[in-house]
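Chemist: Next comes the sequence, and after it the predicted model I'd like to discuss.
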Amino acid sequence: MMTERGRARTGVAVYGANGYTGRLITRELLAMGHEVTVAGRSVEPLRSLAAECGGGVRRAVVTLDDHAGLLALAASVRTVVNAAGPFSRTCAPVARAAVAAGAHYVDISGEQHAIRALFDNHGPDAIANGVALLPASAYYATLCDLLVGLTAGESGPIDDLDIAYHVRGWVPSGAAFVNRLEGIGQPMIQYDNGFVDVVRPPATRTVSFGPQARPRRVTMYPAPEVLTIPRHVDAARIRTSMTTSTLIRKPLGRLVPYISAVAAAVRDTPAAGPTERLLALGATGSSIRVHDDPSSFDLVAVLHGRDGTRTATLSGPGIFDITGPIAARIAARTLAADFGRSGPLAASEVLDPREFLDGLRDRGVTYRISPADGVGDGSGGRSVAAPANP
């Protein structure tokens with residue numbers, strides 16, 4: 001259990017608060033009335049953010065290699081939210097300090113390997129210190145984790161869970177673009193009666209995102225909910241996919257698995273750098289930070305089980321914009337007096353899925369769950385066909 005000293009602390013530190021999403025999280029927490037410390041590696045951006053917030057925040061300048069500074073930051077609050085990417089570099093030092101200081105850890109990572117390392121390396125200490133680890137408290141993982149948790153709660157064991165994303169207008173920039181490039185060629189984690197690393201992704205296929213929508217080509221994608229859903233859903237197999245048009249310029253869509261295979265072959269060799277620069281030419285995105293979020297998204301999850309097939313869909317605007325309230329509300333949950341969970345956790349283990357998803361309707365998020373083997377839920381909302389191979 002969390003120590004009495006830890007429970008006596010209040011407030012949230014947002015590390016990487018000066019980034020696009022970090023600012024959103026900060027503003028959401030302040031609007032809820034919470035004490036916030038904005039933290040990061042540079043003085044001027046934090047000073048500017050504090051001024052924008054009306055001076056109602058504390059500031060902390062601390063670098064990732066300053067363990068003592070990170071420890072002091074975490075010791076001053078109840079919960080640390082890490083909004084600084086790439087998480088392959090930031091997750092370990094920030095989480096280590098949070099756990100050691102007895103503070104809950106929340107992040108917005110979508111990086112599978114960083115999340116698995118967080119659970120494996122810091123999970124035992126988090127349990128011992130009575131603090132929670134809640135990575136991927138963002139668009140990726142949280143929305144799907146809750147949607148599947150809600151749908152599976154009305155079903156029996158799941159034989160196959162097929163998840164697919166269609167994101168429009170996604171222009172990953174700055175750290176998010178670096179994340180994407182660094183992720184190309186890494187083994188993807190999928191679930192087949194246990195976690196498996198997929199080095200060579202299968203050929204692309206097509207998925208229907210709606211009864212009136214044309215099928216769209218998708219490729220295997222390293223979505224982080226692969227690591228969270230098995231914590232609370234009895235599923236034998238989970239696969240996750242993304243529309244190729246989201247990841248790469250349209251004419252190259254069918255080539256995504258082969259591009260990933262080439263990137264994997266040259267990874268950790270002198271050819272890795274030139275290959276990454278070449279891939280950047282075909283990928284959608286920019287290394288220059290973009291200061292708005294024009295994206296929108298559709299998500300379909302098809303659950304095949306002994307009780308039949310159920311399809312759940314979810315749509316909304318702004319994958320970065322929606323992350324602000326998601327992360328802030330999860331952080332706020334850890335501050336509640338009745339919060340007593342510790343160790344590695346999924347969103348569905350600490351939130352009421354229906355209540356949380358319904359609470360995002362004012363942000364434009366809508367969802368539908370079909371009856372088993374049905375084509376609609378009788379509410380006038382859309383249902384989505386099961387993915388089909390071309």
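Modeler: Nice, I can see it.
Chemist: what about G55, which SS state?
Modeler: The three-state label given to G55 by DSSP: H, G, I helix; E, B strand; the rest coil is coil.
Chemist: What about it, how many residues nearby?
Modeler: G55 has 7 neighbours, counted by other C-beta atoms under 10 Å. (Each C-beta comes from the backbone N, C-alpha and C, glycine too.)
Chemist: what about the stretch 1-150 of the chain, any weak spots by pLDDT?
Modeler: 1-7 (pLDDT under 70).
Chemist: For the closest residue to I322 other than its chain neighbours, give its distance to H122.
Modeler: Distances taken as C-beta to C-beta, 6 or more residues apart in numbering put Y139 closest to I322, at 5.3 Å, once the chain neighbours are dropped. Here the distance between Y139 and H122 works out to 23 Å (C-beta to C-beta, to the nearest Å).
Chemist: So between these two, which is more surrounded?
Modeler: Shown here are Y139 and H122; by other C-beta under 10 Å, Y139 has more neighbours (27 against 23).
Chemist: My guess is that one contacts G324. True?
Modeler: No - taking contacts as C-beta atoms under 8 Å, Y139 lies outside contact range of G324: 9.9 Å.
Chemist: what's the helix or strand for H34?
Modeler: Counting by DSSP states H and E, H34 is held by no secondary-structure element, helix or strand.
Chemist: What segments of the stretch 251-390 of the chain are strands?
Modeler: According to DSSP state E, counting those that start in this stretch, the stretch 251-390 of the chain carries its strands in the segments 296-305, 308-317, 343-344, 366-369.
Chemist: Work out the gap between the shortest one and the centre of the chain.
Modeler: Right, strand 343-344. Computed by C-alpha atoms, centre = their mean, to the nearest Å, the chain-centroid distance of strand 343-344 equals 16 Å.
Chemist: other SSEs contacting that strand?
Modeler: helix 112-129, strand 132-134 (3 or more C-beta pairs under 8 Å, 6 or more residues apart in numbering; DSSP states H and E).
Chemist: swap in the last one?
Modeler: Under the contact criterion of 3+ C-beta pairs under 8 Å, 6+ apart, the helices and strands touching strand 366-369 comprise helix 139-152, strand 308-317.
Chemist: Partner strands of the shortest one and their direction?
Modeler: Using DSSP bridges, the strands paired with strand 308-317 are strand 296-305 (antiparallel), strand 366-369 (antiparallel).
Chemist: Contact partners for G40?
Modeler: Shown in contact with G40 (C-beta atoms under 8 Å, 6 or more residues apart in numbering): Y15, G16, A17, N18, G22, L46, V61, V62, A84.
Chemist: Do I have it right that the fifth one meets A83?
Modeler: Yes - proximity of G22 to A83 meets the contact threshold set by C-beta under 8 Å, at 3.7 Å.
Chemist: Look at the two and report which has more neighbours.
Modeler: Using other C-beta under 10 Å as the criterion, G22 and A83 rank with A83 on top: 32 against 27.
Chemist: Next, give phi and psi for that one.
Modeler: Here is the backbone geometry of A83 (degrees, to the nearest 10): phi -110, psi 20.
Chemist: my guess is it contacts Y15, does it?
Modeler: Yes - the criterion here is C-beta under 8 Å, and A83 meets it with Y15 at 6.5 Å.
Chemist: Between the two, which contacts overlap?
Modeler: Common contacts of A83 and Y15 (C-beta under 8 Å, 6+ apart): G22.
Chemist: what's the burial count for H67?
Modeler: By the criterion of other C-beta under 10 Å, H67 has 14 neighbours.
Chemist: Next: the one 5 residues further on.
Modeler: A72 sits with 14 neighbouring residues when counted by other C-beta under 10 Å.
Chemist: Same check on the one 4 residues further on?
Modeler: Summarising burial for S76: neighbours were counted as other C-beta under 10 Å, giving 19.
Chemist: quick one: it and L335, what's the gap?
Modeler: In this view, S76 and L335 are 14 Å apart by C-beta to C-beta.
Chemist: sorry, back to before: tell me the contacts of the residue nearest to I322?
Modeler: Y139 makes contact with G110, F297, I319, F320, I322, T323, I326 under the criterion C-beta under 8 Å, 6+ apart.
Chemist: R237 is nearest to which of the helices and strands packed on strand 343-344?
Modeler: helix 112-129 (16.5 Å; C-beta to C-beta).
Chemist: who does the closest one touch, helix- and strand-wise?
Modeler: Packing partners of helix 112-129 (3+ C-beta pairs under 8 Å, 6+ apart): helix 87-101, strand 104-107, strand 132-134, strand 188-192, helix 225-228, strand 343-344.
Chemist: hmm, try it at 6 Å
Modeler: helix 87-101, strand 343-344 (3 or more C-beta pairs under 6 Å, 6 or more residues apart in numbering; DSSP states H and E).
Chemist: ok so, going back, so of the helices and strands packed on strand 343-344, which one's packed in deepest?
Modeler: Mean neighbour count, computed with mean count of other C-beta atoms under 10 Å, is highest for strand 132-134 among these, reaching a mean of 26.
Chemist: Contact partners for A83?
Modeler: Residues in contact with A83 (C-beta atoms under 6 Å, 6 or more residues apart in numbering) are V14, G16, G19, T21, G22, I25, I108.
Chemist: Which of the residues you listed fall in strands?
Modeler: Among these, the ones falling in strands (DSSP state E) are V14.
Chemist: From the contacts of A83, pick the one nearest P222.
Modeler: Using C-beta to C-beta, these come closest to P222 at I108, 15.7 Å.
Chemist: so what's that closest one up against?
Modeler: With C-beta under 6 Å, 6+ apart, I108 has these contacts: A83, A138, T323, A327.
Chemist: again, only using 7 Å
Modeler: Each residue near I108 by C-beta atoms under 7 Å, 6 or more residues apart in numbering is listed here: T21, A83, S137, A138, T323, A327.
Chemist: how about those in TSV, adding distance to V207?
Modeler: Below are the contacts of I108 laid out as TSV (distance: C-beta to C-beta, whole Å):
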residue	distance to V207
T21	27
A83	31
S137	26
A138	22
T323	24
A327	28
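Chemist: Measure how buried H304 is and give me the count.
Modeler: Burial measure for H304: 19 neighbouring residues, criterion other C-beta under 10 Å.
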